[in-house]
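Asker: Here is a sequence with its predicted model. Questions after.
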Number of protein chains: 2
Amino acid sequence: MEPAYLHKETKTPKGEQTRELILNSALDLLGEHGYEKTTMRAIARRAGVSLGNAYHYFGSKEHLIQAFYHRLHEEHLAVTRPALEKESSFRARLLTVMKLKISTLEPYHEFAAALFKTAANPTSPLNPFSDESDPVRKESIELFAQVVDGSNTSVPKDLRAELPYLLWVYHMGITLFWIHDRSPRHRRTYRLVDHTVDLVTKLITLASNPLMRPLRKQALKLVDELRDAASEIEETA
Amino acid sequence: MEPAYLHKETKTPKGEQTRELILNSALDLLGEHGYEKTTMRAIARRAGVSLGNAYHYFGSKEHLIQAFYHRLHEEHLAVTRPALEKESSFRARLLTVMKLKISTLEPYHEFAAALFKTAANPTSPLNPFSDESDPVRKESIELFAQVVDGSNTSVPKDLRAELPYLLWVYHMGITLFWIHDRSPRHRRTYRLVDHTVDLVTKLITLASNPLMRPLRKQALKLVDELRDAASEIEETA
């Protein structure tokens, strides 16, 4: 399935405005009533457009969520790009990307909690690991590839191949933590980011040691297997 | 909240039979219709007992699920105890416990999939990490302590203190994989157990190396923090 934002994208400012209006209305309603109980009809009504018009921009509620994921990524990218230019160590680059992730997510906290109930199911098309989420996931993994490639840290080839995906999985774990974090200004999540970025950096240094080669190979093989299994769960769902 | 099986336990064979009958009827119905849609009334009807009688044994649906978790653990324990006596290496002991876990879970696969939709939510009392699940979780962690303590592998004190909990978390991860595994006779899960038990064993050996002390301390501190955060999510839920 192609994501909505690819095949329905419109270049006219007016169309773009309508699209944004529908998406914002959808995020409001979905945040209030949850994914299951919100209809396309209600979304169109809130946006003040016809149902047909809403469907012109988004083929389904699912497309709306994929467009939401895409927007999150675009917002994240816009702030990380200039910030990454200033950092050359892997550790500082990862820290930058992770902190900016949490701060750009901030306005969507309530919505993310509502979405979680549906998207947490591994067989849901809204799950970040699903086939349907593949385009946004790829873009997001590409950002983590830049974190690695632009750094002055040397990482062996086998690990470098998997590292962007592993960092993306790590960032999903932090996002999951953030969704359930009720501490003031999500202080706990920021602290967790500080500690885990440090730990992840040290683990990568350790795993890059030539003595670690056999164990590293075995761990990477497991990552591959888990990824295969996940996509098979998808297919039979 | 005390779990149902503690404060409503009955010592008479007749009472025990009725209790089992209600629990079995509940598992059937919950497996068929899911957690939300199954009422205590329907469970009592299926078991052929009065609603009052059903409530006498189980204060709520939630108590039924906790009783189910307890039964799973008892069944697991019954087969692991004699099997563990034959194994002295950590690796063989963990492998035994994990394989027997999957085989004892087997009859409940459909039910577990239905339950997952509710129990996956971190704020649900049915979540294995919840306060309500604490008694069964403690018993299960105790089994993993025996896996470590009964083995001839030496583990530094700081790691030994956290290892039973970490192994329990690992076993929850495997259970999650099994719930979504549709391969014939869950071959994939067994393969995953083989590979991960091997990897976990090697990682413990690595982490036990004196040179790893600073990194190990840092990782264990993170485990502590995550556990604290999880219980806080619980409390504010």
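Answerer: Perfect, I can see it now.
Asker: what's the helix or strand encompassing residue A:105 in contact with?
Answerer: Residue A:105 belongs to helix A:90-105 when assigned by DSSP states H and E. Residues from elsewhere that reach helix A:90-105 (CB atoms under 8 Å, 6 or more residues apart in numbering or on different chains): A:72, A:75-76, A:79-80, A:83-84, A:87, A:112, A:143-144, A:147-148, A:150-153, A:167, A:171, A:174-175, A:178, A:186, A:189-190, A:193-194, A:197-198, A:200-201, A:204. Backbone N, C-alpha and C define where each C-beta goes, glycine included.
Asker: Selection in PyMOL covering whichever of those are buried, please.
Answerer: Entered in PyMOL, the line below selects the buried ones among the contacts of helix A:90-105, by 16 or more other CB atoms under 10 Å in any protein chain shown:
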select buried, chain A and resi 72+75+76+79+80+84+87+112+143+144+147+148+151+153+167+171+174+175+178+186+189+190+193+197+200+201+204
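Asker: among the contacts of helix A:90-105, which are in strands?
Answerer: Among the contacts of helix A:90-105, none falls in strands (DSSP state E).
Asker: Could you confirm whether any residue of whichever helix or strand residue A:109 is part of contacts chain B?
Answerer: Assigned by DSSP H and E, residue A:109 falls within helix A:109-119. Yes - contact of helix A:109-119 with chain B (CB under 8 Å from any CB of the partner chain) involves A:116, A:117.
Asker: mind listing what's buried in that helix?
Answerer: Under 16+ other CB under 10 Å, the buried positions of helix A:109-119 are A:111, A:112, A:113, A:114, A:115, A:116, A:118, A:119.
Asker: The fourth one contacts residue A:31, correct?
Answerer: Right, the one you point to is residue A:114. Yes - the pair residue A:114 and residue A:31 qualifies as a contact (CB atoms under 8 Å) at a distance of 5.3 Å.
Asker: any idea which of the buried residues of helix A:109-119 is closest to chain B?
Answerer: residue A:116 (8.0 Å; CB to the nearest CB).
Asker: any idea how far residue A:169 is from the closest residue to that closest one other than its chain neighbours?
Answerer: In space, and not counting its chain neighbours, residue A:116 is closest to residue A:179: 5.3 Å by CB to CB, 6 or more residues apart in numbering or on different chains. Counting by CB to CB, to the nearest Å, the separation of residue A:179 from residue A:169 is 16 Å.
Asker: which of these two has more neighbours?
Answerer: Under the criterion of other CB atoms under 10 Å in any protein chain shown, the comparison of residue A:179 against residue A:169 puts residue A:179 first, with 20 against 16.
Asker: Give the full set of residues in contact with that one.
Answerer: A:109, A:112, A:113, A:116.
Asker: With residue A:140 instead?
Answerer: Counting by CB under 8 Å, 6+ apart, residue A:140 makes contact with A:73, A:168, A:171.
Asker: Report the contact partners of the residue of chain A most remote from its centre.
Answerer: Within chain A, residue A:211 marks the point farthest from the mean C-alpha position, 33.8 Å out by CA atoms, centre = their mean. The contact partners of residue A:211, by CB under 8 Å, 6+ apart, come to none.
Asker: Phi first, then psi, for residue A:49.
Answerer: Backbone torsions for residue A:49, taken as degrees, to the nearest 10, come to phi -120, psi 170.
Asker: So for it, what's the pLDDT?
Answerer: The model reports residue A:49 with a pLDDT of 96.
Asker: just residue A:4 next, same as before
Answerer: On the pLDDT scale, residue A:4 gets 43.
Asker: of all the residues in chain A, which ones are close to chain B?
Answerer: So far as CB under 8 Å from any CB goes, chain A lies against chain B at A:116-117, A:120-123, A:177, A:180-183, A:188, A:191-192, A:195-196, A:198-199, A:202-203, A:206, A:215, A:218-219, A:221-222, A:225-226, A:229, A:232-233, A:236.
Asker: Tell me where chain A has helices.
Answerer: With helices called from DSSP state H, chain A shows them at A:4-7, A:13-33, A:40-47, A:51-57, A:61-85, A:90-105, A:109-119, A:134-149, A:157-180, A:187-208, A:213-236.
Asker: among those helices, which is the most enclosed?
Answerer: helix A:90-105 (a mean of 21; mean count of other CB atoms under 10 Å in any protein chain shown).
Asker: orientation of it relative to helix A:109-119 in degrees?
Answerer: Orientation note: helix A:90-105 sits at an angle of 100 degrees relative to helix A:109-119 (axes from the mean of the first three to the mean of the last three CA atoms, to 10 degrees).
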